[in-house]
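> this one's sequence-less:
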């Protein structure tokens, strides 16, 4: 399951770095960001549009000759690559781009309010609820079902490995390279994989971006940049 860890690890890196990048831009050019709508609308939309090809790129990198050495990991990568639809298609089916756009826009608007002094909440946070819901959705379950269909059926000892994951006796992403459908209901296998992704990558429910009190310090830092504008 190394390929899934890379795909969703890359996804999490993308959705964490994107808001932080926007906040940095807002701090540097706060005098222009106070009232402009471009950063709250156009920029989040453009960043979200790049998410599907970004996920495809992560898979392409994983397929390079020296990128992965473990045979099991290579088998998973081959299974994902053999799927009828690329990962970018499933990112769209899971509505992750829309979730990313909405969250980016909301965070930027809150930051703008912080600069204006109209922010009422004490904390600006990044909400991962949409990502967690996507991992446990029927669309992601269908995607995993198609990937599992590309690999051989499990042997008895491999089924024990799957059962250990489902019973949460082990918490990692190194699932056996086999299809447990004959022995394990694929809904149950999907839940085990989704839970493992959330646990191993440590996807929090919310990620703090800024506190309201931070804007007092930010105003001091942004004055030289404001004078340049």
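Received it, and whenever you're ready, just let me know what you need. If you're wondering where the values come from, they're calculated on a predicted model, not measured in any experiment. Residues are numbered from 1 along each chain as shown.
> contacting residues for residue 105?
Shown in contact with residue 105 (C-beta atoms under 8 Å, 6 or more residues apart in numbering): 40-41, 44. Every residue, glycine included, has its C-beta placed from N, CA and C.
> tell me the secondary structure for it?
The three-state label given to residue 105 by DSSP: H, G, I helix; E, B strand; the rest coil is helix.
> The contacts of residue 105 into JSON lines, with extra columns for secondary structure and pLDDT?
Formatted as JSON lines, the contacts of residue 105 follow (DSSP: H, G, I helix; E, B strand; the rest coil; pLDDT from 0 to 100):
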{"residue": "40", "secondary structure": "helix", "pLDDT": "76"}
{"residue": "41", "secondary structure": "helix", "pLDDT": "82"}
{"residue": "44", "secondary structure": "helix", "pLDDT": "83"}
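> List buried residues within those.
Buried by 16 or more other C-beta atoms under 10 Å: 40, 44, out of the contacts of residue 105.
> got JSON lines for the contacts of residue 105, with distance to residue 69 too?
Below are these laid out as JSON lines (distance: C-beta to C-beta, whole Å):
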{"residue": "40", "distance to residue 69": "44"}
{"residue": "41", "distance to residue 69": "44"}
{"residue": "44", "distance to residue 69": "38"}
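> which one of the contacts of residue 105 is nearest residue 213?
Set against residue 213, the nearest of the contacts of residue 105 by C-beta to C-beta is residue 40 (22.3 Å).
> Find the residue closest to that closest one in space, skipping its chain neighbours.
Excluding its sequence neighbours, the residue lying closest to residue 40 (C-beta to C-beta, 6 or more residues apart in numbering) is residue 108, at 4.5 Å.
> Now the one you found: which helix or strand?
Assigned by DSSP states H and E, residue 108 falls within helix 96-116.
> what are the ranges of the helices in this protein?
For the chain, the helices defined by DSSP state H occupy 2-28, 30-33, 38-49, 51-62, 71-81, 87-93, 96-116, 129-135, 138-148, 156-166, 186-201, 214-228.
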